[in-house]
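Novice: using only what follows, build the 3D model:
(one chain, ligands or ions: 1)
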Amino acid sequence: MAGQCEKKVEKFQTEEEVAVRLAKYTADLSAKFVKERGVFTVVLSGGSLIYALRKLAEEPYKDTVEWGKWHVFWLDERVVKKDHPDSNYKLAFDGLLCKVPIPPGQVYAINDALSAEAAAEDYETCLKHLVQRNVIATSKATGFPKFDLILLGMGPDGHLASLFPGHALCNEKTKWVTHIMDSPKPPPRRITFTFPVINSAAYNAMVVTGHDTADAVQKALGNIQHHDTLPAQLLAAEDEVTWFLDHDAASKL
Ligand SMILES: O=C1O[C@H](COP(=O)(O)O)[C@@H](O)[C@H](O)[C@H]1O
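Specialist: Numbering: from 1, shown residues only. Next up, the predicted model:
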(Lines give C-alpha, C1' and ligand atoms only; values in the text may rest on other atoms or scores of the structure.)
Protein backbone atom coordinates (compact mmCIF):
# COMPACT_ATOMS: atom_id res chain seq x y z
CA MET A 1 0.00 0.00 0.00
CA ALA A 2 1.31 3.49 -0.86
CA GLY A 3 2.93 5.18 2.12
CA GLN A 4 4.22 1.95 3.70
CA CYS A 5 7.00 1.21 1.26
CA GLU A 6 10.60 0.45 1.91
CA LYS A 7 12.70 3.64 2.13
CA LYS A 8 16.39 3.36 1.24
CA VAL A 9 19.15 5.95 1.41
CA GLU A 10 22.27 5.55 -0.73
CA LYS A 11 25.11 7.98 0.02
CA PHE A 12 28.04 8.73 -2.27
CA GLN A 13 31.11 10.88 -1.98
CA THR A 14 30.61 12.82 -5.21
CA GLU A 15 27.89 13.80 -7.69
CA GLU A 16 29.80 11.77 -10.29
CA GLU A 17 29.35 8.62 -8.19
CA VAL A 18 25.64 9.39 -7.83
CA ALA A 19 25.38 9.65 -11.63
CA VAL A 20 27.16 6.31 -12.13
CA ARG A 21 24.83 4.57 -9.65
CA LEU A 22 21.70 6.26 -11.01
CA ALA A 23 22.40 5.05 -14.54
CA LYS A 24 22.73 1.43 -13.37
CA TYR A 25 19.67 1.72 -11.10
CA THR A 26 17.54 3.07 -13.96
CA ALA A 27 18.85 0.56 -16.51
CA ASP A 28 18.18 -2.33 -14.10
CA LEU A 29 14.59 -1.19 -13.51
CA SER A 30 14.12 -0.74 -17.26
CA ALA A 31 15.20 -4.37 -17.82
CA LYS A 32 12.94 -5.59 -14.98
CA PHE A 33 9.82 -3.84 -16.23
CA VAL A 34 10.41 -4.59 -19.91
CA LYS A 35 10.64 -8.26 -18.93
CA GLU A 36 7.55 -8.12 -16.70
CA ARG A 37 5.30 -5.71 -18.62
CA GLY A 38 6.83 -5.30 -22.08
CA VAL A 39 7.18 -1.53 -21.53
CA PHE A 40 8.92 0.84 -19.11
CA THR A 41 7.04 3.93 -17.98
CA VAL A 42 9.49 6.48 -16.63
CA VAL A 43 8.75 9.97 -15.38
CA LEU A 44 11.37 12.72 -15.51
CA SER A 45 11.75 15.84 -13.42
CA GLY A 46 13.57 18.96 -14.53
CA GLY A 47 16.40 20.69 -12.72
CA SER A 48 19.60 18.94 -11.67
CA LEU A 49 18.13 15.47 -12.25
CA ILE A 50 18.71 15.55 -16.00
CA TYR A 51 22.45 16.17 -15.62
CA ALA A 52 22.55 13.34 -13.07
CA LEU A 53 21.12 10.98 -15.75
CA ARG A 54 23.90 11.75 -18.26
CA LYS A 55 25.62 8.33 -17.92
CA LEU A 56 22.56 6.60 -19.39
CA ALA A 57 23.50 8.05 -22.75
CA GLU A 58 26.98 6.50 -22.51
CA GLU A 59 28.28 2.95 -22.81
CA PRO A 60 27.22 0.34 -21.80
CA TYR A 61 23.67 1.67 -21.39
CA LYS A 62 23.40 3.55 -24.68
CA ASP A 63 23.49 0.23 -26.55
CA THR A 64 22.00 -2.18 -24.00
CA VAL A 65 18.90 -0.41 -22.62
CA GLU A 66 15.75 -1.28 -24.61
CA TRP A 67 14.99 2.33 -25.44
CA GLY A 68 12.22 1.29 -27.83
CA LYS A 69 10.16 0.10 -24.85
CA TRP A 70 10.44 3.38 -22.93
CA HIS A 71 7.45 5.68 -22.45
CA VAL A 72 8.61 9.03 -21.07
CA PHE A 73 6.54 11.51 -19.05
CA TRP A 74 7.15 14.70 -17.10
CA LEU A 75 6.54 14.93 -13.37
CA ASP A 76 6.13 18.67 -13.74
CA GLU A 77 6.49 21.16 -16.52
CA ARG A 78 6.74 24.88 -16.85
CA VAL A 79 4.01 26.39 -19.07
CA VAL A 80 6.37 27.78 -21.71
CA LYS A 81 7.13 26.82 -25.30
CA LYS A 82 9.11 23.61 -25.76
CA ASP A 83 12.13 25.54 -27.06
CA HIS A 84 12.15 27.97 -24.10
CA PRO A 85 15.19 27.78 -21.77
CA ASP A 86 12.83 27.15 -18.80
CA SER A 87 11.18 24.11 -20.44
CA ASN A 88 11.75 20.82 -18.62
CA TYR A 89 11.09 19.06 -21.96
CA LYS A 90 13.92 21.01 -23.61
CA LEU A 91 16.24 20.25 -20.71
CA ALA A 92 15.53 16.51 -20.97
CA PHE A 93 15.65 16.49 -24.77
CA ASP A 94 19.01 18.25 -24.93
CA GLY A 95 20.49 16.32 -21.99
CA LEU A 96 19.25 12.78 -22.68
CA LEU A 97 16.42 12.18 -25.11
CA CYS A 98 18.21 13.42 -28.25
CA LYS A 99 21.03 10.95 -27.53
CA VAL A 100 18.99 7.72 -27.23
CA PRO A 101 16.53 6.03 -29.64
CA ILE A 102 13.20 6.38 -27.84
CA PRO A 103 10.36 6.47 -30.42
CA PRO A 104 9.08 10.10 -30.56
CA GLY A 105 5.48 8.86 -30.17
CA GLN A 106 6.42 7.50 -26.73
CA VAL A 107 7.66 10.84 -25.41
CA TYR A 108 4.71 12.64 -23.84
CA ALA A 109 5.43 16.37 -23.64
CA ILE A 110 2.73 18.77 -22.51
CA ASN A 111 0.77 20.75 -25.11
CA ASP A 112 2.59 24.09 -25.01
CA ALA A 113 -0.18 25.90 -26.88
CA LEU A 114 -2.57 25.69 -23.90
CA SER A 115 -3.10 27.64 -20.67
CA ALA A 116 -1.75 26.07 -17.47
CA GLU A 117 -5.20 24.83 -16.44
CA ALA A 118 -5.98 23.38 -19.89
CA ALA A 119 -2.51 21.84 -20.20
CA ALA A 120 -2.95 20.02 -16.88
CA GLU A 121 -6.36 18.69 -17.94
CA ASP A 122 -4.98 17.70 -21.36
CA TYR A 123 -2.04 15.84 -19.78
CA GLU A 124 -4.35 14.01 -17.37
CA THR A 125 -6.51 12.94 -20.33
CA CYS A 126 -3.41 11.68 -22.12
CA LEU A 127 -2.46 9.61 -19.04
CA LYS A 128 -6.01 8.20 -18.81
CA HIS A 129 -5.86 6.95 -22.42
CA LEU A 130 -2.55 5.23 -21.69
CA VAL A 131 -3.97 3.65 -18.54
CA GLN A 132 -6.92 2.32 -20.60
CA ARG A 133 -4.41 0.73 -23.01
CA ASN A 134 -2.47 -0.64 -20.01
CA VAL A 135 0.69 1.14 -21.15
CA ILE A 136 0.60 2.76 -17.71
CA ALA A 137 -0.34 0.29 -14.96
CA THR A 138 -2.98 0.99 -12.31
CA SER A 139 -2.32 0.77 -8.59
CA LYS A 140 -4.50 -1.90 -7.00
CA ALA A 141 -4.05 -0.12 -3.67
CA THR A 142 -5.06 3.40 -4.69
CA GLY A 143 -6.67 3.22 -8.15
CA PHE A 144 -4.26 5.89 -9.38
CA PRO A 145 -1.83 5.32 -12.23
CA LYS A 146 1.21 3.33 -11.21
CA PHE A 147 4.29 4.48 -13.09
CA ASP A 148 7.21 2.05 -13.09
CA LEU A 149 9.75 4.68 -12.06
CA ILE A 150 9.55 8.35 -11.16
CA LEU A 151 12.86 10.20 -11.04
CA LEU A 152 12.68 13.22 -8.74
CA GLY A 153 14.83 16.09 -7.56
CA MET A 154 14.39 18.28 -4.50
CA GLY A 155 14.96 22.02 -4.22
CA PRO A 156 16.73 23.55 -1.19
CA ASP A 157 13.26 24.51 0.16
CA GLY A 158 12.19 20.83 0.16
CA HIS A 159 9.92 21.05 -2.88
CA LEU A 160 9.57 18.22 -5.36
CA ALA A 161 7.84 18.33 -8.74
CA SER A 162 6.04 21.72 -8.57
CA LEU A 163 4.69 21.00 -5.08
CA PHE A 164 6.03 23.68 -2.78
CA PRO A 165 6.11 23.88 1.04
CA GLY A 166 2.85 25.16 2.49
CA HIS A 167 1.06 25.24 -0.87
CA ALA A 168 -2.51 23.90 -1.04
CA LEU A 169 -1.61 21.72 -4.05
CA CYS A 170 0.26 19.41 -1.67
CA ASN A 171 -3.14 18.37 -0.31
CA GLU A 172 -4.75 17.52 -3.67
CA LYS A 173 -6.51 14.17 -3.28
CA THR A 174 -8.38 13.48 -6.53
CA LYS A 175 -6.72 15.09 -9.56
CA TRP A 176 -3.84 13.26 -11.28
CA VAL A 177 -2.32 16.41 -12.75
CA THR A 178 -2.91 19.94 -11.57
CA HIS A 179 -1.66 23.44 -12.30
CA ILE A 180 -0.07 26.23 -10.32
CA MET A 181 -0.14 29.92 -11.25
CA ASP A 182 1.99 31.26 -8.40
CA SER A 183 5.05 29.02 -8.15
CA PRO A 184 7.48 30.60 -5.67
CA LYS A 185 10.27 29.43 -7.96
CA PRO A 186 10.06 31.00 -11.43
CA PRO A 187 8.48 30.58 -13.87
CA PRO A 188 5.14 30.96 -12.00
CA ARG A 189 2.86 28.91 -14.29
CA ARG A 190 3.42 25.16 -14.21
CA ILE A 191 1.66 21.83 -14.25
CA THR A 192 2.51 19.03 -11.85
CA PHE A 193 1.64 15.47 -10.89
CA THR A 194 -0.15 15.30 -7.54
CA PHE A 195 0.90 13.30 -4.47
CA PRO A 196 -1.66 10.50 -4.99
CA VAL A 197 -0.05 9.76 -8.38
CA ILE A 198 3.54 10.28 -7.23
CA ASN A 199 3.12 8.00 -4.23
CA SER A 200 1.39 5.29 -6.29
CA ALA A 201 4.52 4.76 -8.41
CA ALA A 202 6.23 1.39 -8.09
CA TYR A 203 9.64 3.02 -7.58
CA ASN A 204 10.45 6.60 -6.67
CA ALA A 205 14.07 7.73 -6.90
CA MET A 206 14.94 11.04 -5.23
CA VAL A 207 18.28 12.40 -6.43
CA VAL A 208 19.77 15.20 -4.33
CA THR A 209 23.21 16.75 -4.53
CA GLY A 210 24.88 19.92 -3.25
CA HIS A 211 25.35 21.62 0.06
CA ASP A 212 22.33 23.93 -0.31
CA THR A 213 20.00 20.92 0.06
CA ALA A 214 21.55 19.60 3.31
CA ASP A 215 19.02 21.25 5.66
CA ALA A 216 16.02 19.97 3.69
CA VAL A 217 17.56 16.48 3.46
CA GLN A 218 18.07 16.52 7.23
CA LYS A 219 14.44 17.52 7.72
CA ALA A 220 13.14 14.95 5.23
CA LEU A 221 15.21 11.99 6.43
CA GLY A 222 16.39 12.85 9.93
CA ASN A 223 14.48 11.81 13.01
CA ILE A 224 13.98 15.39 14.23
CA GLN A 225 10.34 16.45 14.59
CA HIS A 226 9.26 19.67 12.83
CA HIS A 227 5.91 21.43 12.93
CA ASP A 228 6.04 22.27 9.21
CA THR A 229 6.12 19.29 6.86
CA LEU A 230 8.18 19.56 3.68
CA PRO A 231 6.76 18.08 0.46
CA ALA A 232 9.86 15.86 0.26
CA GLN A 233 8.89 14.29 3.61
CA LEU A 234 5.63 13.07 2.05
CA LEU A 235 7.35 11.04 -0.64
CA ALA A 236 6.36 7.35 -0.67
CA ALA A 237 5.91 4.64 -3.31
CA GLU A 238 4.14 1.31 -3.71
CA ASP A 239 7.34 -0.74 -3.75
CA GLU A 240 10.38 1.34 -2.86
CA VAL A 241 11.68 4.87 -2.42
CA THR A 242 15.42 5.41 -2.76
CA TRP A 243 17.21 8.64 -1.90
CA PHE A 244 20.51 9.05 -3.78
CA LEU A 245 22.67 11.63 -1.99
CA ASP A 246 26.15 13.00 -2.49
CA HIS A 247 28.38 13.87 0.46
CA ASP A 248 27.27 17.52 0.59
CA ALA A 249 23.53 16.75 0.50
CA ALA A 250 23.96 14.10 3.22
CA SER A 251 26.28 16.24 5.36
CA LYS A 252 23.69 16.95 8.11
CA LEU A 253 22.32 13.43 8.47
O1 LIG B 1 11.56 23.71 -10.56
C2 LIG B 1 11.89 22.56 -10.42
O3 LIG B 1 12.69 22.21 -9.38
C4 LIG B 1 12.82 20.86 -8.95
C5 LIG B 1 14.16 20.77 -8.21
O6 LIG B 1 15.19 21.18 -9.10
P7 LIG B 1 16.74 21.09 -8.68
O8 LIG B 1 17.49 21.76 -9.80
O9 LIG B 1 16.88 21.79 -7.37
O10 LIG B 1 17.06 19.62 -8.62
C11 LIG B 1 12.73 19.90 -10.12
O12 LIG B 1 12.77 18.56 -9.66
C13 LIG B 1 11.46 20.19 -10.89
O14 LIG B 1 11.25 19.26 -11.92
C15 LIG B 1 11.59 21.58 -11.47
O16 LIG B 1 10.47 21.95 -12.27
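
Novice: phi and psi next, for the closest residue to the ligand within the stretch 1-150 of the chain.
Specialist: Proximity of the stretch 1-150 of the chain to the ligand (Cβ to the nearest ligand atom) peaks at residue 47, 2.4 Å away. In short, each C-beta sits where N, CA and C put it, glycine included. Main-chain torsions, residue 47, degrees, to the nearest 10: phi 60, psi -150.

Novice: now swap in residue 212 and tell me
Specialist: phi -70, psi -10.

Novice: hmm, it is touching residue 154, no?
Specialist: No. Contact between residue 212 and residue 154 fails when scored by Cβ atoms under 8 Å: they sit 10.6 Å apart.

Novice: those two: who's more crowded?
Specialist: residue 154 (27 against 12; other Cβ atoms under 10 Å).

Novice: quick one: pLDDT of the more buried one?
Specialist: On the pLDDT scale, residue 154 is placed at 98.

Novice: can you give me the neighbour number for the residue of the stretch 101-250 of the chain found nearest the ligand?
Specialist: Closest approach between the stretch 101-250 of the chain and the ligand, counting by Cβ to the nearest ligand atom: residue 153, at 3.0 Å. Here the count is done by other Cβ under 10 Å, and residue 153 has 24 residues near it.

Novice: that one against residue 53, yeah?
Specialist: No. Look at residue 153 against residue 53 with Cβ under 8 Å: they stay out of range, at 10.6 Å.

Novice: give the intersection of the neighbour lists for those two.
Specialist: Listed as contacting both residue 153 and residue 53 by Cβ atoms under 8 Å, 6 or more residues apart in numbering is no residue at all.

Novice: rewinding a little: could you verify my assumption that the residue of the stretch 1-150 of the chain closest to the ligand touches residue 156?
Specialist: No. With contact defined as Cβ under 8 Å, residue 47 and residue 156 do not form a contacting pair (11.0 Å).

Novice: list phi and psi for the residue of the stretch 101-250 of the chain closest to the ligand.
Specialist: According to degrees, to the nearest 10, residue 153 has phi -120, psi 170.

Novice: again with residue 74
Specialist: phi -110, psi 130.

Novice: same deal with the one 4 residues further on?
Specialist: Comment: the main-chain dihedrals of residue 78 come out as phi -80, psi 140, following degrees, to the nearest 10.
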